[in-house]
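Engineer: Pasted the sequence and its predicted model underneath.
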Amino acid sequence: MSCGDAFAPYRFLSQIPRALGWQRQFQRVHPQTGKVRYELAKVKPGSWLGRHYLYLQFGLLYLGLCARILVINSNRLALGLWFTVTILAAIAVGFLYGGKSWCHYFCPMAPVQTIFAEPNALFATQAHVGDQSITQSMCRRVTDDGKEQSACVACQKTCIDIDSERSYWDQIQQPQQPFIYYAYVGLAVGYFCYYYLYAGNWDYYFSGIWTHQENQLDTLFHPGLYLFNTPIPIPKLVAVPLTLALFSVGFYGLGRFLETQYFTYIQDRKQVLSPELVRHRMFTLCTFSIFNFFFIFGGRPLILLLPLSLQFFYEGILVGLSTLWLYKTWQRCPERYLRESLASRLQRQLSRLQLNVAQFLEGRSLTDLTTDEVYVLAKVLPGFTKNKRCQAYKGVLKESLEEGYINTSSSLEMLQQIRSELDISNEDHRLILEELGVEDPELLDPNRQRSLENLVRLTGYRKALERVLSLQQRSAPQIDVKAMGKRTIQNLLSQEPESIQRLGREYSVTLREEEEILGNFDPETMILRRADLLLHRLADLIRCYQGLNQPLLHQWDAPLTLLRATVRLKKRLLVTGLLEILEHLAPPSSSAGSTATSGGFEIALTLAKLSPTILQDLLAESSLLSDPSLRWQLRLSPEILALLTHPSEQVTTCSLELSLGEITTHLVALVFEPNPLIQSVSLFMVYQLDAQRGREQARNLVDFHYQLSPLVQEVATTILEPATTSALELVSFKILRKVSVLVQ
């Protein structure tokens, strides 16, 4: 269920500007090519609206309920005016912002959706389990051949329509959430209780006379409260908003008080329950209570029209279903969601490994297994060797990074459970992370903010583009778009540039994203781009290694030993990745004039100049391998091998003297490495060379990393101590000093 489902007409109307192509757009100009591109306007997460939209929606819901009691309930003109204003507002928002911005940021019914649809409905599918590409209520369109296609433009960071439970756990600790839940309960209770406070008894509400009271506007300035058989001289125009506000604020305060008391009770009983799980259970009770109150008590005027037997049947069905939901939801927790999500990813990786699992499944498929069964299967499979376990874990790690579910810093902690199940060590995790950085350098780029919503948007755009390009090939409708070359892609784009540009606007694709996606259609372009990124990273690491070997750092040789070893390992991985690229770019059968071969020659020349020592070491080590298929001398073409072993130009050398600022910059880049030892030593060295910059990096680690290792925590907190005014010696850091001695 989504806001669009609960209030479908307004969602439909908000999409009219998109259907007509009238949405607000921003012009973007490529700084190098000068190419002009138009992008849809979207609500920025850091803007006022992006940070306070839940309060805005609740405020609109509050005003709507006040207006309903005062003028809308029995006044046709007021009701029509309300609908007209809301319709125009939905259309206006559809023009101003792309996607479901009306539903996510403005719709007054969104708080109701948040409460009744999260973390999951009783019979709803679970988006984090399975392999479906179109999940729950996410935006979609139906193509001419009747297939559903994603139409997501990532208008919200954590979208409830893509994965309601993920959105729930991501936002449960935000300060807006308890206000929405507790204040909504008060608002709903206050709405129905006002009829009692207005009339002095429940007969006025249960009779339903309030739905056709012809003189409703005439009562706005009459007494709005009737208590103890006495009218209170407060105009109804003031009494209604005052009553609803007091109930909302009162129930919010009551909810926070009960949440605190429940947490204290748990602590007193020595039970282990996190604050977010305590809040989750309070939210669950709120939803259960207000659901039954609204549909049983709030709907009483209509229920009383039914025969008595049907009244009991209706109420019994509601209580029974809501109790089942309560039982199911009460047991949910972030850890269980994570375990199920990782098990689903592991299922996909096991299926790709093509292991013989039929004998363990008794006729079932991998997708039929429960979460626990998947992990048990991974432990008992005889062919599931350490190498295959690492392959499966690598796939899970890659998917999690692509979806923005984890980052390089949090991956070690977040995936601890699955590593334990697969017997993967922390060191294996770091090596696999380094391999992923070589295979896809942009995957670990900290400057790229990844999210599931953004991945869905780009995947939808790619599939839509594949379909458009395939339809343009009238003579070859079965063409494999993924196998098209760069020239073929450019030819197709030139045939209908308007349709391609319109597609880019619909998915709010940036110039950089378009270049990357179009480049991925051409394997050659994709490989060359990857090689260029790896060469740049290799050059940075070489300069970093030079900085770590500067004479002025000699006094810190003990802690720097570990950093030097890490940088050497990274260089070896990058050189290995570049050799694999050369193997694909310049096979022995390729013609000398091909673009791939010429690109391979340039990469080989640059590699031979940048890192001749490590390159020669790898070539020499491979020549000693017993398996001929692993020897680089046989995997590379003779021309490429000649360039690598005997470069035509003299190897360039760099000055060993680097400035203090350059050395510090290289060390800062290592502060956010996933390895705690690298983090702590780098942070220590940054502080030694530039105390102010060291404190800034320590503050960044403490503020943006929810859980630091004891080693990093010690270094960061020691640096941030108020009494720390000058450089600290290694002896000031007890754990780091012991580790440095052991490394030596």
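Structural biologist: Perfect, thanks for sending it.

Engineer: For residue 194, which residues are in contact?
Structural biologist: By C-beta atoms under 8 Å, 6 or more residues apart in numbering, residue 194 lies in contact with 69, 239, 240, 243, 244. (Glycine included, C-beta is placed from N, CA and C.)

Engineer: Residue 237 in helix, strand or coil?
Structural biologist: helix (DSSP: H, G, I helix; E, B strand; the rest coil).

Engineer: now the contacts of residue 194 in CSV, with pLDDT and secondary structure?
Structural biologist: Output for the contacts of residue 194, formatted as CSV (pLDDT from 0 to 100; DSSP: H, G, I helix; E, B strand; the rest coil):
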residue, pLDDT, secondary structure
69, 92, helix
239, 95, helix
240, 95, helix
243, 96, helix
244, 96, helix
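
Engineer: quick one: which of those is most hemmed in?
Structural biologist: Sorting those by how many neighbours each has (other C-beta atoms under 10 Å) puts residue 240 first, at 25 neighbours.

Engineer: Just to check, that one is in contact with residue 71?
Structural biologist: No: using C-beta atoms under 8 Å, residue 240 is not in contact with residue 71, being 10.1 Å away.

Engineer: What sits closest to residue 604 if chain neighbours are left out?
Structural biologist: Among residues not flanking residue 604 along the chain, residue 643 sits closest, at 4.1 Å (C-beta to C-beta, 6 or more residues apart in numbering).

Engineer: Tell me the helix or strand right after the helix or strand encompassing residue 320.
Structural biologist: If you go by DSSP states H and E, residue 320 is part of helix 308-330. Once the chain leaves helix 308-330, the next helix or strand it forms, by DSSP H and E, is helix 334-352.

Engineer: And that following helix, what's buried?
Structural biologist: 334, 337-350 (16 or more other C-beta atoms under 10 Å).

Engineer: Run the chain-centre distance for it.
Structural biologist: 16 Å (C-alpha atoms, centre = their mean, to the nearest Å).

Engineer: Can you tell me which residue is spatially central in this protein?
Structural biologist: Centroid check for the chain by C-alpha atoms, centre = their mean gives residue 451 as the closest residue, at 3.1 Å.

Engineer: how about that one, phi and psi?
Structural biologist: Per-residue torsions, residue 451: phi -150, psi 160 (degrees, to the nearest 10).

Engineer: how close does it get to residue 158?
Structural biologist: Distance of residue 451 to residue 158, computed by C-beta to C-beta, to the nearest Å: 8 Å.

Engineer: Could you pull up the residues touching residue 15?
Structural biologist: Residue 15 neighbours (C-beta under 8 Å, 6+ apart): residue 94.

Engineer: next structured bit after the strand or helix carrying residue 393?
Structural biologist: Using DSSP H and E, the element containing residue 393 is helix 386-402. Remark: after helix 386-402, the chain's next helix or strand is helix 411-414, criterion DSSP H and E.

Engineer: which residues touch that next one?
Structural biologist: Applying C-beta under 8 Å, 6+ apart, the set of residues contacting helix 411-414 is 338, 397, 400, 401, 405, 406, 426, 429, 430, 433, 674, 707.

Engineer: Kindly report the same for stretch 339-346.
Structural biologist: 126, 128-131, 371, 374-375, 378, 392, 395-396, 399-400, 405, 415, 417-418.

Engineer: Next: stretch 280-290.
Structural biologist: 115-116, 119, 172, 177, 181-182, 184-185, 188-189, 255, 258-259, 262, 322-323, 325-326, 329-330, 332-333.

Engineer: Give me the neighbour count for residue 332.
Structural biologist: Residue 332, neighbours per other C-beta under 10 Å, totals 19.

Engineer: check contacts around it.
Structural biologist: Here residue 332 is in contact with 119, 120, 165, 280 (C-beta under 8 Å, 6+ apart).

Engineer: if you set the cut-off to 7 Å instead, what comes out?
Structural biologist: With contact taken as C-beta atoms under 7 Å, 6 or more residues apart in numbering, residue 332 is in contact with residue 119.

Engineer: Over to residue 204?
Structural biologist: Taking C-beta under 7 Å, 6+ apart as the test, what residue 204 contacts is 195, 198, 210.

Engineer: which one of the residues you listed is nearest residue 699?
Structural biologist: Using C-beta to C-beta, residue 195 is the member of the contacts of residue 204 that lies nearest residue 699, at 54.4 Å.

Engineer: neighbours of the closest one, just the number please.
Structural biologist: By other C-beta under 10 Å, the residues close to residue 195 number 17.

Engineer: okay, the residue found closest to it once you drop the neighbours it is linked to in the chain: pLDDT?
Structural biologist: What sits nearest to residue 195 in space, not counting adjacent residues and going by C-beta to C-beta, 6+ apart, is residue 205, at 3.8 Å. Looking at residue 205, its pLDDT reads 90.

Engineer: any idea which element residue 205 lies in?
Structural biologist: Per DSSP H and E: helix 203-207 holds residue 205.

Engineer: List the buried residues for the helix holding residue 393?
Structural biologist: 388-402.

Engineer: Low-confidence ranges, the protein, go.
Structural biologist: Within the chain, the stretches with pLDDT under 70 are 1-8, 30-33, 446-447, 472-498, 586-598, 647-656, 704-707, 722-731, 736-744.

Engineer: Please enumerate the helices of the stretch 351-500 of the chain.
Structural biologist: 358-361, 371-380, 386-402, 411-414, 416-422, 426-439, 452-472, 486-495, 497-506 (DSSP state H, counting those that start in this stretch).

Engineer: Brilliant, that's me finished.
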